[in-house]
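1. Predicted model follows, preceded by the sequence.
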4 protein chains.
Amino acid sequence: MTRFVLKCIQIAVIALPLLAMRQDKPLKVIFFGDSITQAGVSPTGYITKVGEMLKAKGKDVDYELAGAGIGGNKVYDLYLRLEDDVLSKKPDVVFIYVGINDVWHKSSYGTGTDPDKYVRFYEALIRKMKAQNIRVIVCTPTVIGERNDNSNPQDGDLNLYSNLIREIATKNNLQLLDLRKQFQDYLLKNNPQNVEKGILTSDRVHLTEEGNKFLAERMLEALEQK
Amino acid sequence: MTRFVLKCIQIAVIALPLLAMRQDKPLKVIFFGDSITQAGVSPTGYITKVGEMLKAKGKDVDYELAGAGIGGNKVYDLYLRLEDDVLSKKPDVVFIYVGINDVWHKSSYGTGTDPDKYVRFYEALIRKMKAQNIRVIVCTPTVIGERNDNSNPQDGDLNLYSNLIREIATKNNLQLLDLRKQFQDYLLKNNPQNVEKGILTSDRVHLTEEGNKFLAERMLEALEQK
Amino acid sequence: MTRFVLKCIQIAVIALPLLAMRQDKPLKVIFFGDSITQAGVSPTGYITKVGEMLKAKGKDVDYELAGAGIGGNKVYDLYLRLEDDVLSKKPDVVFIYVGINDVWHKSSYGTGTDPDKYVRFYEALIRKMKAQNIRVIVCTPTVIGERNDNSNPQDGDLNLYSNLIREIATKNNLQLLDLRKQFQDYLLKNNPQNVEKGILTSDRVHLTEEGNKFLAERMLEALEQK
Amino acid sequence: MTRFVLKCIQIAVIALPLLAMRQDKPLKVIFFGDSITQAGVSPTGYITKVGEMLKAKGKDVDYELAGAGIGGNKVYDLYLRLEDDVLSKKPDVVFIYVGINDVWHKSSYGTGTDPDKYVRFYEALIRKMKAQNIRVIVCTPTVIGERNDNSNPQDGDLNLYSNLIREIATKNNLQLLDLRKQFQDYLLKNNPQNVEKGILTSDRVHLTEEGNKFLAERMLEALEQK
């Protein structure tokens, strides 16, 4: 045999198990976000619930779920810790779920994110993840207040930033998980008193048991979609 | 004749000319508001247009229109100049059209108005006008941005403050001129490109020729209603 | 003598000076302000301490102290409750101590007070109090952060609003209690590590035991001045 | 001689001085910043003036000056365009002069920069420049308002961010150009009426002729220092 053929066999010997492993290896999924995602890994959090749902379907061996959420994070905070908290973990799938603080901090600290900078850093995140062949799922920001007639103070801005993410998804050919629309549709049906909080959120932003369950279902649907 | 009958005649003698006068005297109308109303008295402004519309109907002798708008005014600015600019003029009708700066100044100066204080000062305005038997017409704030999918940054807050005015109208049994709803309905039909400005406003807030005309028609309808 | 007569004499011995005092009716003092003043009437609060200091000097009978502080209040909140909480109580002396929230709420809610409106409402307060012959003592706002090199984020604005109060005092010939200057001077001497909190305040704004004591001393000095 | 030899001599004649020049290659200096720096390259701007000052000293051949300022830029805007506008130009020296908008945009748009993020992006800039052996000179932000008693609304925040830059300079062993201190010292001497603008700035921020001259002198001093 020529050296070339030997080399090929050698590669095959190493590669075959890798290919086999690839089918067996659980899909590594990272949820990348803010305080909602930080709370997602708590016993009643949405990531924990996605795990339980997978287990109930006997599919928990196929997935390895991890949370990478930090309270107060805005899009450029994700950018600053992208390498450490996501890329170095070599995930297969990443959910990007950020935007609430980019809007909220405008009024509570004066340090929200300009729409154009939001897009710039969001696309920088995507570019670096794509370079590592990660399947990226972009999520629109959920709610700051649960009123269903667009009368929560930040509704205009949240709708605007959601439109930006929808455009980013289309432009970059990415899977969109339109959480904001799904939360709004749910609240139209399930918030007849038009209350500010207490349905999906306990405090207008962070999730109740019902909210975590609803979010987990949406995340799982998106994950299994294809 | 009894003293009572004499008294009645006496009153009638005084009252009859008063009643007659009431029919002859033009109705004094004050538009009380911010920069939109300040511009309303310019040659192409909405108050000027209401005057022209009345003239075209031959009714201009029945009304005396006056603008009392000052740029940048919020509800408590109206309160501070209520005596000088409104009560002392003895108007019959007052349109209160304020709220845009109460919302807008939150992000542009950090000095917007809390919703509960907005209501407190708004009701103080009404109380003092009612004590002078003024017919008060309350207007919801129009727009900051003309997008028709509730994605202008301040849409949530403008919807919230409009809800507050609707509640004030109901609670105080006042005529409501729901300008915000009328602008929104108009833009749903007439802003197919979902642009931010250039239809009813030149700069997202202040009115174009079309905007002044549309507003003048709504004001006139409200004035003549009853 | 019977027990009854003895008792009567005993009462008289106590009562006579009281009756004498009754002719020197105690001076009614109201502290009018925000959360710092609301906490001022607590067992360790500054108003309580002023009372204790007066007692130690045997002067507590000469004064009747009352707090009229409500958390979150800005100058126009004082204006809205002036009649109910101050004028109707017929005080002899009123301390006006407001301004921190007028500055602070700019960044935390977007609803601070414009400098010119601050002055307008402040002067409206004074006018109404003077009409009732109240001795008004105006206080500059203390601190939001205890660093002593003017590097607390709101220092510029607090210095600006303090200048406005100093001008109001001069213009209206009122007694000025320059709390901000006194806090700043104290912190220059007593904050060698240039920490943000923990000396006079527990959280950059609300007072520690030391802060309440320091403030009580300044208030008492101002009250007794003349 | 052959054409080839002639050509060689021709090249040498041109190349020799170039080689000589190569040793005395002008130092490439980039001013990296916001609108003040963008205006710095105008006929009366501070960068133009640094060039004129160098020329007057016969040193203009030793330096190649370039402006890289864009209006409205904050520290992370510099970060986003660092590669294109600075690193790819291979400068020898870079002045980083940014921070005014990081503070100012808090109140004017709600999109200022948190102090900790300011430091994170500032240090990221420095790290990338140092990796390319650039001599970095860090500047503290000048002024938003020229009053000299720390009563300009943003003085507290500007002092805070200046302290952060001073710490960055010390920690990273970088040359500090303390423009804020120099402007403050100048205004203490030259603003006896304590006006808000009109000395070094025309509008509280952007520079007058006097301001551009003063800044140019400070920049030149820093550049020649060593």
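-> In hand now; what should we look at?

2. what about residue A:28, which helix or strand?
-> strand A:27-33 (DSSP states H and E).

3. That strand pairs with which strands?
-> strand A:63-69 (parallel), strand A:93-97 (parallel) (DSSP bridges).

4. Contact residues of chain A facing chain B?
-> When proximity is defined as Cβ under 8 Å from any Cβ of the partner chain, chain A approaches chain B at A:106-107, A:110, A:145, A:149-160, A:162-163. C-betas here are computed from N, CA, C, even on glycine.

5. Quick one, which of these are buried?
-> Among these, those classed as buried by 16 or more other Cβ atoms under 10 Å in any protein chain shown are A:106-107, A:110, A:145, A:150-160, A:162-163.

6. Which of these fall within helices?
-> With helices taken from DSSP state H, the overlap with these comprises A:106, A:107, A:155, A:156, A:157, A:158, A:159, A:160, A:162, A:163.

7. Closest one to residue A:125 out of these, please.
-> For those, the residue nearest residue A:125 by Cβ to Cβ is residue A:162; the value is 16.8 Å.

8. Next one: the residue lying closest to the closest one once chain neighbours are set aside relative to chain B, how far apart?
-> Distances taken as Cβ to Cβ, 6 or more residues apart in numbering or on different chains place residue A:140 nearest to residue A:162, at 3.9 Å, with adjacent residues excluded. Per Cβ to the nearest Cβ, to the nearest Å, residue A:140 is found 12 Å from chain B.

9. List of residues touching the helix or strand harbouring residue A:83?
-> Assigned by DSSP H and E, residue A:83 belongs to helix A:82-85. With contacts defined as Cβ atoms under 8 Å, 6 or more residues apart in numbering or on different chains, helix A:82-85 is touched by A:30, A:32, A:68, A:125, A:128, A:129.

10. switch to 10 Å and redo it
-> The contact list for helix A:82-85 (Cβ atoms under 10 Å, 6 or more residues apart in numbering or on different chains) reads A:30, A:32, A:66-70, A:78, A:88, A:94, A:121, A:124-125, A:128-129.

11. So which bits of chain A are right by chain D?
-> Proximity of chain A to chain D (Cβ under 10 Å from any Cβ of the partner chain) is limited to residues A:72, A:74, A:76-77, A:79-81, A:102-118, A:120-121, A:124, A:157.

12. what about residue A:204, neighbour count?
-> 18 (other Cβ atoms under 10 Å in any protein chain shown).

13. Phi, psi for it please.
-> Dihedral angles of residue A:204 (phi, psi; degrees, to the nearest 10) stand at phi 90, psi -20.

14. ok, it - contacts?
-> Residue A:204 touches A:104, A:143, A:144, A:145, A:146, A:147, A:152, A:153, A:154, A:196, A:197, A:198, counting by Cβ under 10 Å, 6+ apart.

15. what do you get for residue A:113?
-> A:74-77, A:98-99, A:101-103, A:105-106, A:119-122, A:161, D:76, D:110-111, D:113.

16. Among these, name the ones in helices.
-> A:75-77, A:101-103, A:105-106, A:119-122, A:161, D:76.

17. Just the buried ones among those, please.
-> A:75-77, A:101-103, A:105-106, A:119-122, A:161, D:76.

18. Could you single out the nearest of these to chain C?
-> residue A:106 (8.0 Å; Cβ to the nearest Cβ).

19. Verify the contact between the closest one and residue A:156 for me.
-> No: using Cβ atoms under 10 Å, residue A:106 makes no contact with residue A:156, being 11.5 Å away.

20. Sketch out the low-pLDDT regions of chain A for me.
-> Scanning chain A for pLDDT under 70 picks out A:1-23.

21. what residues does it put near chain C?
-> A:106, A:107, A:108, A:109, A:110, A:111, A:153.

22. Tell me which two of the residues you listed sit farthest apart.
-> A:111 and A:153 (17.1 Å).

23. before we move on, the earlier item: in JSON lines: the buried ones among the ones in helices among the contacts of residue A:113, plus distance to residue B:172.
-> JSON lines is the format used below for these (distance: Cβ to Cβ, whole Å):
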{"residue": "A:75", "distance to residue B:172": "45"}
{"residue": "A:76", "distance to residue B:172": "47"}
{"residue": "A:77", "distance to residue B:172": "47"}
{"residue": "A:101", "distance to residue B:172": "39"}
{"residue": "A:102", "distance to residue B:172": "39"}
{"residue": "A:103", "distance to residue B:172": "34"}
{"residue": "A:105", "distance to residue B:172": "37"}
{"residue": "A:106", "distance to residue B:172": "33"}
{"residue": "A:119", "distance to residue B:172": "45"}
{"residue": "A:120", "distance to residue B:172": "49"}
{"residue": "A:121", "distance to residue B:172": "48"}
{"residue": "A:122", "distance to residue B:172": "47"}
{"residue": "A:161", "distance to residue B:172": "37"}
{"residue": "D:76", "distance to residue B:172": "49"}
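
24. Out of those residues, which is nearest to chain B?
-> Using Cβ to the nearest Cβ, residue A:106 is the member of those that lies nearest chain B, at 6.4 Å.

25. so who does that closest one touch?
-> A:112-114, A:154, A:157, B:106-107, B:153, C:110, D:105-106, D:109-112.

26. Give the closest residue to residue A:154 in space, chain neighbours not counted.
-> Closest to residue A:154 by Cβ to Cβ, 6+ apart is residue A:144, at 4.4 Å.

27. can you count the residues close to the one you found?
-> Using other Cβ under 10 Å: residue A:144 sits among 22 other residues.

28. Give me the distance between it and residue B:170.
-> 27 Å (Cβ to Cβ, to the nearest Å).

29. Reformat the contacts of residue A:204 into a markdown table and put distance to residue B:62 next to each item.
-> Below are these laid out as a markdown table (distance: Cβ to Cβ, whole Å):
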| residue | distance to residue B:62 |
| --- | --- |
| A:104 | 51 |
| A:143 | 50 |
| A:144 | 49 |
| A:145 | 46 |
| A:146 | 49 |
| A:147 | 43 |
| A:152 | 44 |
| A:153 | 42 |
| A:154 | 46 |
| A:196 | 46 |
| A:197 | 51 |
| A:198 | 52 |
